[in-house]
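Engineer: here is the input, now give the coordinates:
(one chain, ligands or ions: 1)
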Amino acid sequence: MDSKPSQWFRWKQEGDTHCQNNKFLKAIECYDQALKLVKTSKDAVSLFLDRSSARISFQAFDAALSDAAAALNLPPGNKPPNDTNERGLSLTARALYGLRRFQECRDCLTKMINLYPGNKDALLSRCEKRLREEKCHYDWASMLSEGQSPNPDMDRTTYIGPIEVRPCAIKSHGRGLFTTKDVEAGDLLLCEKAFSAAFANKESSELEGDEKDEEALRLRAELATKTFVKLIRNPSLQSGFEELFPGPDTEEERDERGKIVVDDTFVQNRITYNAFGFPLLTHLSHSKITHHPSGLDTSADSRGIWLRASYINHSCYPLVRRSFIGEMMIFRAQADIPKDTELKFGYISCLEDVKTRTELLAKYGFRCDCRVCEAERGTPKRKLEKREEITRRIITLFEKEEPVGLHTYLALLEQIGDTYTVPPTVEPRHAVVVPIMNIITGCQSVALHYQVIQLVHLVLQNLGFEFSITQDSFRVHKWGFLIDELVMALADFCDAYIALDEPLLLRDAEGVARKCYLILCGEDVSWEAAYGGQSERAKERSDGGEDVGSGERVEDLIDGVGGMRFAYGK
Ligand SMILES: C[S@@+](CC[C@H](N)C(=O)[O-])C[C@H]1O[C@@H](n2cnc3c(N)ncnc32)[C@H](O)[C@@H]1O
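Structural biologist: Alright, predicted model coming up:
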C-alpha cells in the first residue's frame with residue numbers, strides 16, 4: 001500500500017503552513033492546486049473551507065463567501081449534512097461581515113448558534129453593534145479612543161440619515177445629496193466609514209519643504225493602491241465605486257461585455273474628484289485652531305474615499321459641517337433645513353477670499369456660483385481695498401503698547417461693515433468677525449463682562465445668526481455661518497454670565513455653545529474636556545478680579561488684546 005500522502009494533501013499541508021506564516025495569497029494558490037486533485041467530496045468540503053478562511057484573511061470576501069457556499073452546497077459525504085457545517089456557517093458569517101452585510105451575517109450566526117448551542121461566537125455581539133450603528137446608535141466615547149490610533153481601520157459601520165442622492169436642479173451640478181425630511185441644526189445626517197483611506201504618518205506642521213509634497217504623493221499613491229486592491233479582491237463592491245463622479249468628459253475602457261475595466265485610470269479618475277483630505281480627530285483640530293497662536297489648522301491631511309458623502313456638492317456657505325473620528329466621516333446639519341433641500345458643504349476653507357477659493361475649486365472642474373461668491377465678486381474693488389486698509393489699521397492698534405478705547409475699535413469695525421454690499425445672512429462678514437475675536441480676549445482680560453457679551457452679539461450678527469435675548473433667555477432663531485472660533489467666543493459669553501451671576505442666560509448660552517461644538521466636531525462627549533474647566537476659571541477670575549459693569553468705566557480701555565486668536569494674512 002502507498003504510505004505517501006496523496007498529492008492533493010501535500011498541497012493542502014503547504015497551504016496550511018503558508019496560512020500559519022500569514023502568507024495568504026500563497027496559501028490560496030496551494031488550495032487551488034489541491035482542489036484540482038482532490039477525489040472525495042468530504043475532502044473538497046474541507047479544502048473549500050480552508051481556502052475560504054485564507055481568503056477572509058486576505059480580505060477577498062466575495063471569493064471567501066463563494067468558497068464557504070461551495071462547501072455548504074456540496075453533496076453530503078460527511079455527517080452532519082454540509083449545509084449545517086459549523087465551520088462553513090462561521091466562515092460565511094465572517095465573509096458577510098467583511099462585506100458589511102450585517103443583517104445576513106446575523107442571520108447566519110443565529111442559524112449556526114441554534115444548531116450548535118455550545119458555539120459562543122463573539123462575532124454575533126460585534127454584528128449586533130454594527131446593526132445598532134446602522135440605526136444611529138454610536139458609542140461616541142469609545143469611537144474617540146479608537147480614532148486616536150494612527151491607523152484606525154475602525155470596527156464601525158455607516159449610518160445614513162434622512163438624506164438621499166438626487167439629480168440637482170442645475171444640470172451641470174450633476175447629482176447631489178438632498179434631505180428627505182425637515183432636520184434641525186445639529187442633527188446627524190451621515191456617519192460614514194471610509195471605503196478606503198490612507199493615513200498621514202506625521203502632522204503636516206512637522207514636515208518641512210519637499211517633505212510635504214512627498215507625503216502628499218505617498219498618501220495619494222497609497223489611497224489608489226488600497227482602493228484598487230479592495231476592488232479587485234471584492235468585485236461586488238465595484239458598482240458602488242463605479243457610480244462615483246468620474247470627472248468631466250471621461251471615457252473609460254470597457255471589456256467585451258461592456259463592463260468598465262478596473263485599472264489604474266478608472267481608480268485615479270474617481271479618486272481625483274471624490275477623495276477628501278481629513279484630520280484624524282476633528283476635536284483635536286478644533287482645539288488647535290482655537291488655541292494655536294497662528295490660528296491655522298496644523299492637523300495631518302490623511303486621505304480617503306467615502307461612497308455616500310462623495311455625492312455632496314460644494315458651497316462656500318455650507319448647510320452641512322463635516323468632521324472626523326478616525327476614518328468615520330460625520331455630517332451634521334449646520335442649520336434647520338427643510339425637507340427636499342440640497343445639502344452642500346465646503347470642499348475647501350470658506351474663509352479664503354473668492355480669488356483663492358476659485359483657484360482651489362478649479363481642480364474639481366467647476367466655478368462656484370454660491371451666494372457668497374456672487375456677493376464677493378459683485379463687491380466694488382474700492383470697497384475691498386477700504387476693507388483691507390481698515391483691517392491693517394486695527395492690526396496696528398492691536399500691536400500698540402498703550403491701551404486703546406473700545407469705542408475706537410467699534411468705530412473701525414462699523415467702517416468694515418460698511419464695505420459689505422449684502423447682509424451677513426447672505427455673506428458672512430469675516431473681516432468684521434476676525435478682529436472682534438481678538439478684542440473679546442482683551443475685554444475679558446480686564447473683566448469687561450458686559451462688553452464681552454455685546455461683542456459676542458456682534459460676532460453672531462456678523463456671521464448671519466438671528467437671535468433674541470431677554471432678561472432670562474437667549475434663543476437662536478436662525479443659525480448662521482459656523483467657525484471654530486465662535487465656540488471659544490461663546491465660551492467667553494458663558495464666562496461673562498457666570499461673572500454676572502445670570503444662571504438662566506448661562507444655561508441657554510451653554511446650550512448654544514455646546515451645539516456649535518457638536519456641529520463642528522461631530523460629537524460633544526469631548527466638550528467637557530475641551531471647555532468644561534473654562535467655567536471654573538471664569539468663576540475664579542470673577543471672584544478674584546475687579547468686576548466692571550456696563551457704564552461703570554468711562555473709557556472701556558483694553559490693554560492690548562491679550563494674544564490673538566485669529567491669524568491675519570493666512
Ligand atoms: C464629489 S463630486 C460631487 C457629486 C457630483 N455632483 C456627482 O454628480 O456625482 C464633485 C463634483 O461635483 C460637481 N460640483 C460640486 N459642487 C459643485 C458646484 N457648487 N457647482 C458646480 N458643480 C459642482 C463638480 O463637477 C465636482 O467635480
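
Engineer: look up how far the ligand lies from Leu231.
Structural biologist: Distance, Leu231 to the ligand, by CB to the nearest ligand atom, to the nearest Å: 18 Å. From N, CA and C alone the C-beta is placed, and that goes for glycine too.

Engineer: who touches the helix or strand containing Ala68?
Structural biologist: Element membership for Ala68 (DSSP states H and E) is helix 61-73. Here helix 61-73 makes contact (CB atoms under 8 Å, 6 or more residues apart in numbering) with 44-46, 48-49, 51-53, 55-56, 82-83, 85, 88-89, 91-92, 94-96, 98-99, 233-236.

Engineer: determine how far it lies from the middle of the whole chain.
Structural biologist: Computed by CA atoms, centre = their mean, to the nearest Å, the chain-centroid distance of helix 61-73 equals 35 Å.

Engineer: ok, and for that helix, which residues are buried?
Structural biologist: Judged by neighbour count using 16 or more other CB atoms under 10 Å, the buried positions of helix 61-73 are Phe61, Asp62, Ala63, Ala64, Leu65, Ser66, Asp67, Ala68, Ala69, Ala70, Ala71, Leu72.

Engineer: quick check: next helix or strand after it?
Structural biologist: For helix 61-73, the following helix or strand on the C-terminal side (DSSP H and E) is helix 86-98.

Engineer: Glu133 and Ile160 touch, don't they?
Structural biologist: No. Shown here, Glu133 and Ile160 do not form a contact pair, counting by CB atoms under 8 Å, at 11.0 Å.

Engineer: same drill for those two, tell me which one is more crowded.
Structural biologist: Remark: of Glu133 and Ile160, Glu133 carries more neighbours, 20 against 14, as counted by other CB atoms under 10 Å.

Engineer: hang on, Asp524 packs against Cys516?
Structural biologist: No. Taking CB under 8 Å as the definition, Asp524 is not a contact partner of Cys516, at 9.8 Å.

Engineer: what is the neighbour count of Glu401?
Structural biologist: 6.

Engineer: sorry, slip of the keys, the one I care about is Ser323.
Structural biologist: 23.

Engineer: are we agreed that it is in a strand?
Structural biologist: Yes. Membership of Ser323 in a strand is supported by DSSP: H, G, I helix; E, B strand; the rest coil.

Engineer: bridge partners for it, pull those for me.
Structural biologist: Note on Ser323: beta-bridge partners Ile330, judged by DSSP bridges.

Engineer: same question for Ser468.
Structural biologist: Counting by DSSP bridges, the residues bridging with Ser468 are Arg475.

Engineer: that one: neighbour count?
Structural biologist: Neighbours of Ser468 (other CB under 10 Å): 9.

Engineer: pretty sure it is touching His477, no?
Structural biologist: Yes. With contacts counted by CB under 8 Å, Ser468 reaches His477, the gap being 6.6 Å.

Engineer: so does stretch 168-183 get close to the ligand?
Structural biologist: Yes. Using CB under 6 Å from any ligand atom, we find that stretch 168-183 touches the ligand at Ser172, His173, Gly174, Arg175, Gly176.

Engineer: quick one: residues contacting Asn151.
Structural biologist: Asn151 is in contact with Phe199, counting by CB under 8 Å, 6+ apart.

Engineer: did I read that right, it in a strand?
Structural biologist: No. Under three-state DSSP, Asn151 falls outside any strand and is assigned coil.

Engineer: tell me the phi and psi of it?
Structural biologist: Per-residue torsions, Asn151: phi -130, psi 60 (degrees, to the nearest 10).

Engineer: now it: how far from Ala224?
Structural biologist: 17 Å (CB to CB, to the nearest Å).

Engineer: over to Glu29?
Structural biologist: According to CB to CB, Glu29 and Ala224 sit 26 Å apart.

Engineer: again, but for Leu123
Structural biologist: 31 Å.

Engineer: between these two, point out the one with more neighbours.
Structural biologist: Neighbour tally, Leu123 and Ala224, criterion other CB under 10 Å: the higher count belongs to Ala224, 21 against 17.

Engineer: tilt between the host helix or strand of that one and helix 86-98?
Structural biologist: Element membership of Ala224 [criterion: DSSP H and E] is helix 210-233. Calculated by axes from the mean of the first three to the mean of the last three CA atoms, to 10 degrees, helix 210-233 forms an angle of 130 degrees with helix 86-98.

Engineer: packing partners of helix 210-233?
Structural biologist: helix 61-73, strand 196-198, helix 238-242, helix 264-274, strand 302-305 (3 or more CB pairs under 8 Å, 6 or more residues apart in numbering; DSSP states H and E).

Engineer: now those as JSON lines including distance to the ligand and mean pLDDT?
Structural biologist: JSON lines is the format used below for the helices and strands packed on helix 210-233 (distance: least, CB to the nearest ligand atom, whole Å; pLDDT from 0 to 100):
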{"stretch": "helix 61-73", "distance to the ligand": "25", "mean pLDDT": "95"}
{"stretch": "strand 196-198", "distance to the ligand": "15", "mean pLDDT": "96"}
{"stretch": "helix 238-242", "distance to the ligand": "12", "mean pLDDT": "95"}
{"stretch": "helix 264-274", "distance to the ligand": "5", "mean pLDDT": "93"}
{"stretch": "strand 302-305", "distance to the ligand": "10", "mean pLDDT": "94"}
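
Engineer: nearest to Leu188, of the ones you listed?
Structural biologist: strand 302-305 (19.2 Å; CB to CB).

Engineer: mind listing the helices for the stretch 351-500 of the chain?
Structural biologist: 354-362, 371-378, 381-399, 406-418, 430-445, 449-462, 484-499 (DSSP state H, counting those that start in this stretch).

Engineer: next, the angle from the second one to helix 430-445.
Structural biologist: I take that to be helix 371-378. Going by the same axes, to 10 degrees, helix 371-378 makes 110 degrees with helix 430-445.

Engineer: give the buried residues for helix 371-378.
Structural biologist: Those would be Val372, Cys373, Ala375, Glu376, for helix 371-378 by 16+ other CB under 10 Å.

Engineer: closest to the ligand out of these?
Structural biologist: Nearest to the ligand among those is Cys373, at 9.1 Å by CB to the nearest ligand atom.

Engineer: against Val426, how distant is that closest one?
Structural biologist: To Val426, Cys373 is 11 Å away according to CB to CB.

Engineer: list the contacts of the closest residue to Val320 other than its chain neighbours.
Structural biologist: Among residues not flanking Val320 along the chain, Phe345 sits closest, at 4.4 Å (CB to CB, 6 or more residues apart in numbering). By CB under 8 Å, 6+ apart, the residues touching Phe345 are Ile312, His314, Ser315, Pro318, Leu319, Val320, Arg321, Arg322, Phe331.

Engineer: ok, the first one touching Phe178?
Structural biologist: When you say that, I think you mean Ile312. No. Taking contacts as CB under 8 Å, Ile312 lies outside contact range of Phe178: 10.1 Å.

Engineer: now the nearest residue to Phe61 once chain neighbours are set aside: how far from Thr157?
Structural biologist: Nearest residue to Phe61, sequence neighbours excluded (CB to CB, 6+ apart): Gly98, at 3.7 Å. As judged by CB to CB, Gly98 and Thr157 stand 12 Å apart.
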